[in-house]
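A.B. asks: need a 3D model of the following:
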Amino acid sequence: MNGRTFLTLGALIIVLTVVLSGVGLAQRYLNVTDGDDSYTGVNETNSPAGTGPKRTLEGAFTAFASATSVFMKAGI
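C.D. replies: As a prediction, this is how the structure comes out:
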């Protein structure tokens, strides 16, 4: 393996590491006041419709994969 091939391979490994490091680290939302467990939890507000926050912890735990960051808004 010559120096140029080694350098290219090293750069490719670095790029793949950076890209793959973000995989599986989704962010989802939970809001007791404005949420609904039928929503996906993808957005902090329900826009577009159906993508708003989950309402309950149970709804969040059953819908979200492991390694998901859940942002909970203060409520009741």
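
A.B. asks: mind listing the strands for the chain?
C.D. replies: Listed in chain order, the strands of the chain (DSSP state E) span 27-31, 69-73.

A.B. asks: weakest of the ones you listed in terms of mean pLDDT?
C.D. replies: Note on the strands of the chain: strand 69-73 shows the lowest mean pLDDT, a mean of 83.

A.B. asks: now the spatially most central residue of the chain: how far from residue 68?
C.D. replies: Taking C-alpha atoms, centre = their mean, the centroid of the chain lies closest to residue 26, which sits 0.9 Å from it. Distance, residue 26 to residue 68, using C-beta to C-beta, to the nearest Å: 5 Å. (Each C-beta comes from the backbone N, C-alpha and C, glycine too.)

A.B. asks: and if you look at residue 34?
C.D. replies: 20 Å.

A.B. asks: and if you look at residue 62?
C.D. replies: 12 Å.

A.B. asks: rewinding a little: quick one: contacts for the residue nearest to the centre of the chain?
C.D. replies: By C-beta atoms under 8 Å, 6 or more residues apart in numbering, the contact set of residue 26 is 64, 65, 67, 68, 69.

A.B. asks: 10 Å instead?
C.D. replies: By C-beta atoms under 10 Å, 6 or more residues apart in numbering, residue 26 lies in contact with 41, 42, 64, 65, 67, 68, 69, 70.

A.B. asks: is the last one bridged to anything, and to what?
C.D. replies: Each beta-bridge partner of residue 70 is listed here: residue 28, as defined by DSSP bridges.

A.B. asks: can you lay out the strands of the chain as CSV showing distance to residue 3?
C.D. replies: CSV is the format used below for the strands of the chain (distance: least, C-beta to C-beta, whole Å):
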stretch, distance to residue 3
strand 27-31, 41
strand 69-73, 41
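
A.B. asks: deepest in the core, which of those strands is it.
C.D. replies: Highest mean neighbour count among the strands of the chain (mean count of other C-beta atoms under 10 Å): strand 27-31, with a mean of 20.
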